[in-house]
Structures are given as C-alpha cells and as structure tokens.
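Asks: Have a look at this fold, sequence not included:
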C-alpha cells in the first residue's frame with residue numbers, strides 16, 4: 001500500500017492503495033475552523049482506494065461551494081481522517097495529518113485563498129484559486 005495512517009489515539013487506521021489525484025491546501029472558513037485557524041492540507045484519492053478500519057464519527061454542513069461536505073473523524077480523539085463532497089462521492093479527501101509521517105506528499109495547489117486571514121502566507125510556486133477550483137481530472 002502506498003500510504004497508511006492512523007488517528008492520534010490509534011483507534012482508526014487507514015490504508016490507501018493508490019496515488020492521489022490531487023493534493024491541496026484549503027483556506028475555506030470551515031477548514032480554518034477545524035484546523036485551529038490555519039488551512040487543512042489534503043490528498044484527494046479515489047474512494048475505492050481508501051480503506052478505513054475503526055469507528056468514525058461524522059459531521060455535515062453546506063460549504064460555500066453549495067455542496068454538502070461530510071467530515072469523518074475519530075470520535076475518541078477528534079483526529080480528522082477524511083472529507084467527502086456530495087458533488088464528488090467517487091473521491092475521498094484525506095487529511096495529511098492522518099497519514100503516517102514521511103508520506104512525502106505536499107500541496108500542489110492552494111484553494112479558497114479569498115477566505116484566508118490577512119496574515120496567511122502562500123507558496124508563490126503553487127497554483128492558487130480564490131474559491132473552489134475545478135474538480136480533479138476524472139480518474140480511471
């Protein structure tokens with residue numbers, strides 16, 4: 001398996017069988033709320049490539065994009081594991097923090113920059129989007 005990980009308490013484990021279709025840093029307000037004021041850093045995988053063991057809790061809300069986002073997290077320690085958009089159920093957006101150290105991934109793009117606080121710093125070498133970018137290319 002190319003990637004593995006777990007929550008902070010070890011109750012939830014994940015194995016990912018494929019490479020990400022995209023990696024992004026997100027500055028939307030919801031991500032700032034769940035990331036203590038900063039962005040989330042995420043790898044987007046084909047849903048069927050992500051295997052989760054352990055019990056997850058979830059929460060849903062309507063994002064600025066208009067889609068329903070469902071966030072899955074460990075109910076024991078609160079570690080964010082992945083999110084899924086109602087518009088892209090074939091994809092799972094896995095939080096970098098849920099992956100084992102040394103995974104080697106880094107954001108390829110920064111999204112929702114218009115929601116970032118004035119002190120936010122963006123890597124100028126990365127593609128950036130003021131709001132929601134187009135969906136990642138279809139996966140085969």
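Replies: Thanks, I have it. The structure presented is a predicted model; accordingly, all values stated were derived computationally and were not measured.

Asks: Just the endpoints, please. Distance across stretch 2-11?
Replies: Chord length of stretch 2-11, first to last residue, is 21 Å (CA to CA, to the nearest Å).

Asks: So for the least confident helix or strand in the chain by mean pLDDT, what gets flagged as buried?
Replies: Here the helix or strand of the chain ranked lowest by mean pLDDT, DSSP states H and E is helix 29-34, holding a mean of 91. By neighbour count with 16 or more other CB atoms under 10 Å, helix 29-34 contains the buried residues 30-32. All C-beta atoms are positioned from the backbone trio N, CA, C, and that covers glycine.

Asks: ditto for stretch 124-135
Replies: For stretch 124-135, the neighbour count (16+ other CB under 10 Å) marks 128-129, 132 as buried.

Asks: and the least confident of those residues?
Replies: Lowest pLDDT within those is found at residue 132 (86).

Asks: Now that residue: closest residue in space, sequence neighbours ignored.
Replies: Leaving aside its sequence neighbours, residue 132 sits nearest to residue 65 (CB to CB, 6 or more residues apart in numbering; 4.3 Å).

Asks: Tell me if the one you found really is in a helix.
Replies: No: looking at residue 65 with DSSP: H, G, I helix; E, B strand; the rest coil, it is coil, so not inside a helix.

Asks: mind checking how far it is from residue 26?
Replies: Residue 65 sits 11 Å away from residue 26, taking CB to CB, to the nearest Å as the criterion.

Asks: Low-confidence stretches in this protein?
Replies: Scanning the chain for pLDDT under 70 picks out 1, 137-140.

Asks: Relative to residue 94, which of the buried residues of helix 29-34 is nearest.
Replies: Nearest to residue 94 out of these is residue 31 (CB to CB; 13.7 Å).

Asks: will you turn the buried residues of helix 29-34 into JSON lines that also has distance to residue 113?
Replies: Listed next are these as JSON lines, based on distance: CB to CB, whole Å:
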{"residue": "30", "distance to residue 113": "15"}
{"residue": "31", "distance to residue 113": "12"}
{"residue": "32", "distance to residue 113": "12"}
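
Asks: What is the nearest of those to residue 22?
Replies: Lowest distance from residue 22 to the buried residues of helix 29-34 (CB to CB) belongs to residue 31, with 15.3 Å.
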